[in-house]
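Chemist: Predicted model and sequence below, questions to follow.
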Amino acid sequence: MSNRSFRWCRAWFAGALLAACAGAYAGQAHDDYLPPWNPPPAGGEHFSVPPVDAIADLHGDVVDPQLTVFFAGNQFMVVHDLLAAFRKAYPRYQRIYVETLPPGILARQIETGSLVMGNLRIALKPDIFTAGKASIAQRQKHHHWFAATADYARNPLAILVAKGNPKHVEGLRDLGRADVRVSMPNPAWEGIARQIEASYRKAGGEALVHTIMVTKVKDGSTFLTHIHHRQSPLRVLQGKSDAAPVWATEAYFQQHILHRPVDTVTIPAAQNVTATYTVARMADAPHAQAAKDFFAFMQSPAAQAVYRKYGFQAVKP
């Protein structure tokens, strides 16, 4: 083979390899709708096989953590950046364990003493617990779990739809249409469900609530999730649901951070419900000083900058 032929073959092979890699990446990108959606920790052997073997909402060091934080699950997207900023501010804390599950599940974990996920049992007590302001106040009233609390972010509701909005969903009332398949948090354990129901009530009264939460649940056109911050975006992305009421930051994350093929339908202020997030320092925190440091950090400009990056609103606009 001449040198010219050899260079041509080498160029062709490189191009073909690049095209094959690009094709594989495109296919992988489609499959990657499956969580986890955060960057994994560095180092170690990486083994994850979604959806059969992937742990999306347990983060960090489960063995001998110096700090354990239970976050209301819809903040999963901030964890990576938030912990990086915390470690920079407090470098003595490197082993940190975080859960981003529905607050009702986190509370049950505290009450029962452990979480069992698949074949894994975790019996860690949290140093910090975060949830909606009303939820924190209710648990403090009944259980006296917290030594201190502080508000740190706000978040309105929005409707997530597929890119181009093929069902022409213009507002909450359209979720009552028979041809619109809805992905809806389960009121049994997801606090956001009550706030969405309150918005349904503002938009269409009890009739709209009944249509979406009773009639459409019975006929299967409303799907009740177990963990809406994972299931609802995934169902819209996979074409299993046409619309999903979610926190605005969840729609922002999928559309503007991950650049997934989705659109956001804004809910008017008169029909919307805005949540206030509260961080609580546990009275029986296993790592008392770390809990105090993280509690202070959550109110710092560095933490607030991370929350603004992901679309959360300031407590005082």
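Modeler: Arrived safely.
Chemist: burial count for Ala84?
Modeler: For Ala84, the count of nearby residues is 12 (other Cβ atoms under 10 Å). Placement of C-beta: from N, CA and C, glycine included.
Chemist: Which helix or which strand is home to it?
Modeler: helix 79-89 (DSSP states H and E).
Chemist: separation between the residue lying closest to Lys216 once chain neighbours are set aside and Asp81?
Modeler: Nearest in space to Lys216, with sequence neighbours left out and distances taken as Cβ to Cβ, 6 or more residues apart in numbering, is Thr222 at 3.8 Å. Noted for Thr222: a distance of 34 Å to Asp81, by Cβ to Cβ, to the nearest Å.
Chemist: hmm, back to that, in the helix holding Ala84, what's buried?
Modeler: Val79, His80, Asp81, Leu82, Leu83, Ala85, Phe86 (16 or more other Cβ atoms under 10 Å).
Chemist: who are the neighbours in contact with Phe146?
Modeler: Contacts for Phe146 (Cβ atoms under 8 Å, 6 or more residues apart in numbering) come out as Phe129, Ile136, Arg139, Gln140, Ala280, Arg281, Met282, Ala283.
Chemist: Next step: the residues you listed restricted to strands.
Modeler: Phe129, Ala280, Arg281, Met282 (DSSP state E).
Chemist: Any chance of the backbone angles for the residue nearest to Lys216?
Modeler: Phi and psi for Thr222, reported as degrees, to the nearest 10, are phi -110, psi 120.
Chemist: list the helices and strands the helix holding Ala84 packs on?
Modeler: Counting contacts by 3 or more Cβ pairs under 8 Å, 6 or more residues apart in numbering; DSSP states H and E, helix 79-89 is packed against strand 58-60, strand 96-101, helix 288-297, helix 301-309.
Chemist: what sits up against that helix?
Modeler: 38-39, 59-60, 71, 93-94, 96, 98, 100, 294, 297, 300, 302-303, 305-307, 309-310.
Chemist: Taking those residues, please make a ChimeraX selection of just the buried ones.
Modeler: A single ChimeraX command selects the buried members of those (16+ other Cβ under 10 Å):
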select :38,59,60,71,93,96,98,100,294,297,303,306,307,310
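Chemist: From the chain's centroid, how far away is stretch 302-312?
Modeler: 15 Å (Cα atoms, centre = their mean, to the nearest Å).
Chemist: all helices of this structure, in order?
Modeler: 3-31, 79-89, 103-112, 133-143, 192-210, 216-219, 228-237, 248-252, 288-297, 301-309 (DSSP state H).
Chemist: need the ones you listed in CSV with distance to Pro185, can you?
Modeler: What follows is the helices of the chain, written out as CSV (distance: least, Cβ to Cβ, whole Å):
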stretch, distance to Pro185
helix 3-31, 25
helix 79-89, 20
helix 103-112, 10
helix 133-143, 14
helix 192-210, 4
helix 216-219, 12
helix 228-237, 4
helix 248-252, 11
helix 288-297, 27
helix 301-309, 21
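Chemist: For stretch 140-151, list the C-alpha coordinates in CSV.
Modeler: Output in CSV follows, covering the C-alpha atoms of stretch 140-151 (Å, rounded to 0.1, in the frame of the first residue of the first chain):
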residue,chain,number,x,y,z
GLN,A,140,-41.7,20.0,65.2
LYS,A,141,-45.2,20.4,66.7
HIS,A,142,-45.7,16.6,67.0
HIS,A,143,-42.1,15.3,67.5
HIS,A,144,-39.9,18.2,68.7
TRP,A,145,-37.2,16.9,66.4
PHE,A,146,-35.4,20.2,65.7
ALA,A,147,-33.0,22.4,67.6
ALA,A,148,-33.1,25.3,65.0
THR,A,149,-34.8,26.0,61.7
ALA,A,150,-34.3,28.6,58.9
ASP,A,151,-35.9,29.2,55.5
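Chemist: Flag every buried residue along that stretch.
Modeler: Trp145, Phe146, Thr149, Asp151.
Chemist: again, but for stretch 256-272
Modeler: Neighbour-count burial for stretch 256-272, counted by 16+ other Cβ under 10 Å, picks out Arg260, Val262, Asp263, Thr264, Val265, Ile267, Gln271, Asn272.
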